[in-house]
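Asks: coords below, sequence missing:
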């Protein structure tokens, strides 16, 4: 029987909450700390001490991955996905349990992982290859393929600190995928790239897994990509494994979990991240009659409303509409931070409205992700903030029912030299 290439047994990772006052350590502090260390360890193992200030990002996580498998790791924000990958990549040590990886590992966890900003793209390719245990002759053999895939030929001898985030990711992924690791670990970092590059990366991962028999761990919020790439998936919730199995079944469980979260009051949601200086405390959609609604109609006006609490300036707000497979369909954003500041200052309540003249989504169920930014930093982000339904309606004078060809519907006209006919047309992201 083949040995698993990854074995995870009762893995746990705890972080201590709160901040300690910073001070320079003295020789006396070092001696006292050394004397106390054995007792602290005994206290920890015996379960003594104050456990309230410990946060378990992972707890009792166990699974196995066979060689050549492509496994998706999914879950909501704060579920423990990134922490698990950091433990598997040996970036951080586990608090409990163990993880055994039988092979060379290449990780792509965040922009710039493993890159030295002062070195050029060329030098970083060789640096990353050396870290992976590759010999120079092996890197030389793959060098041209890496550069061609990353599309950074013109900037190869430029320090990577001058690269854009997209260029960073292209080069980092090209290095990780081409230097022949037995295990490739890829986090949501691919979302930084454009749609064409993401498609290119997914194709490369399929080639790596199916054509070369290597193992891939893939974290993504794009369920369509996970289902297309992965045969099996692991669903994490609150730092624990909720479900392991065939991807379609696990994704259904994840979507059900998201729907349950969307029913919670937005103000009480804890699965959010950002500085929290301003929070979105309520979100709803109104129909053309300006009534709160859970269902909109194709072709009719709609208004998305958001209530905020807190104070920080400047602010920029964005919300993105996703389909049931968690593919992004449309994004709406204030053009500039000052625009949002002016809009909120002119109202007694901090409520922002986004008006849409005609709902052009195909009938179905959709969800929203919301995000507040200030000076390039995330202030508040909530995924699956709420869900809404789009019901059949009339576009271009014709009834629009369920549409399996596309998620977007736009009115248009066909014409020839003698006549003009109005009719609805489905265009956009194909669901086939």
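Replies: Arrived safely, thanks for sending. This structure is a prediction, so every number in the text was calculated from the model and none was measured. Numbering: from 1, shown residues only.

Asks: which stretch of helix or strand covers the residue lying closest to residue 240 once chain neighbours are set aside?
Replies: Here the nearest residue to residue 240 in space, its sequence neighbours aside, is residue 59; by Cβ to Cβ, 6 or more residues apart in numbering that works out to 5.5 Å. Heads up, the C-betas are built off the backbone N, CA and C, glycines and all. Here residue 59 sits within strand 54-65, counting by DSSP states H and E.

Asks: quick one: terminal-to-terminal distance for stretch 393-407?
Replies: Using Cα to Cα, to the nearest Å, the end-to-end distance of stretch 393-407 comes to 14 Å.

Asks: wait, what's in contact with the closest residue to residue 209 other than its chain neighbours?
Replies: Leaving aside its chain neighbours, residue 209 sits nearest to residue 70 (4.4 Å; criterion: Cβ to Cβ, 6+ apart). By Cβ atoms under 8 Å, 6 or more residues apart in numbering, residue 70 lies in contact with 205, 206, 209, 215, 216, 218, 229, 230, 231, 232.

Asks: low-scoring stretches of this structure, by residue?
Replies: For the chain, the stretches flagged by pLDDT under 70 are 1, 17-52, 110-114, 189-195, 258-264, 288-291, 336-349, 394-405, 412, 417-432.

Asks: and the residue nearest the centre of it?
Replies: Centroid-nearest residue in the chain: residue 188, 4.4 Å away (criterion: Cα atoms, centre = their mean).

Asks: test my guess that it contacts residue 226.
Replies: No: counting by Cβ atoms under 8 Å, residue 188 stays clear of residue 226, with 11.1 Å between them.

Asks: give me the common contacts of those two.
Replies: Contacts common to residue 188 and residue 226, judged by Cβ under 8 Å, 6+ apart, are residue 220.

Asks: the residue nearest to residue 240 and residue 85: what is the separation?
Replies: Distance, residue 59 to residue 85, by Cβ to Cβ, to the nearest Å: 16 Å.

Asks: same thing with residue 273?
Replies: Residue 273 is 17 Å from residue 85, by Cβ to Cβ.

Asks: these two - which one has more neighbours?
Replies: Counted by other Cβ atoms under 10 Å, residue 273 and residue 85 do not tie: residue 85 has more neighbours, with 21 against 14.

Asks: contacts only, for the more buried one.
Replies: 73, 107, 109, 185, 187, 217, 219.

Asks: for it, grab phi and psi.
Replies: With angles defined as degrees, to the nearest 10, residue 85 sits at phi -70, psi -40.

Asks: point me to the helix or strand that includes residue 98.
Replies: Residue 98 belongs to strand 96-101, assigned by DSSP H and E.

Asks: returning to what we had before: list the buried ones in the strand holding residue 59?
Replies: Buried residues in strand 54-65, counting neighbours by 16 or more other Cβ atoms under 10 Å, are found at 56, 57, 58, 59, 61, 63, 65.

Asks: just give the nearest non-adjacent residue to the third one, would you?
Replies: Looking back up the chat, that one is residue 58. Once flanking residues are discounted, residue 58 sits nearest to residue 13: 4.3 Å by Cβ to Cβ, 6+ apart.

Asks: are we agreed that the one you found is in a helix?
Replies: No: counting by DSSP: H, G, I helix; E, B strand; the rest coil, one finds residue 13 to be strand, located in no helix.

Asks: quick one: contacts for it?
Replies: Counted by Cβ under 8 Å, 6+ apart, residue 13 has contacts 56, 57, 58, 80, 83, 87, 92, 94, 95, 96.

Asks: the fifth one: what's it in contact with?
Replies: The one in question is residue 83. So residue 83 contacts 13, 57, 58, 92, 239 (Cβ under 8 Å, 6+ apart).

Asks: please apply the same query to residue 235.
Replies: 74, 75, 241, 242, 243, 244, 250, 253, 254, 257 are the contacts of residue 235 under Cβ under 8 Å, 6+ apart.

Asks: beta partners for it?
Replies: Per DSSP bridges, the residues bridged to residue 235 are residue 74, residue 243.

Asks: ranges for the helices of the stretch 251-400 of the chain?
Replies: 337-345 (DSSP state H, counting those that start in this stretch).

Asks: coming back round to it: how close does the residue nearest to residue 58 sit to residue 373?
Replies: From residue 13 to residue 373 the distance is 29 Å (Cβ to Cβ).

Asks: got it, and residue 312?
Replies: In terms of Cβ to Cβ, residue 312 sits 10 Å off from residue 373.

Asks: of these two, give the one with the bigger neighbour count.
Replies: residue 373 (20 against 17).

Asks: doesn't residue 334 make contact with that one?
Replies: No: the pair residue 373 / residue 334 is not scored as a contact, 9.9 Å apart, by Cβ under 8 Å.

Asks: distance-wise, check residue 268 relative to residue 276.
Replies: 14 Å.

Asks: ok, these two, which is more surrounded?
Replies: Between residue 268 and residue 276, counted using other Cβ under 10 Å, residue 276 has the larger neighbour count: 13 against 7.

Asks: would you list the phi and psi of the more buried one?
Replies: Dihedral angles (degrees, to the nearest 10) for residue 276: phi 80, psi 10.

Asks: give me every residue that touches it.
Replies: Counting by Cβ under 8 Å, 6+ apart, residue 276 makes contact with 310, 379, 380.

Asks: distance of it from residue 16?
Replies: When residue 276 is compared with residue 16 (using Cβ to Cβ), they lie 20 Å apart.

Asks: repeat for residue 204
Replies: 39 Å.

Asks: pick out whichever of these two has more residues nearby.
Replies: The neighbour comparison of residue 204 against residue 16 (other Cβ under 10 Å) goes to residue 204, with 18 against 10.

Asks: the more buried one against residue 148, yeah?
Replies: No: look at residue 204 against residue 148 with Cβ under 8 Å: they stay out of range, at 11.9 Å.

Asks: find residues that contact each of these two.
Replies: Contacts common to residue 204 and residue 148, judged by Cβ under 8 Å, 6+ apart, are absent.
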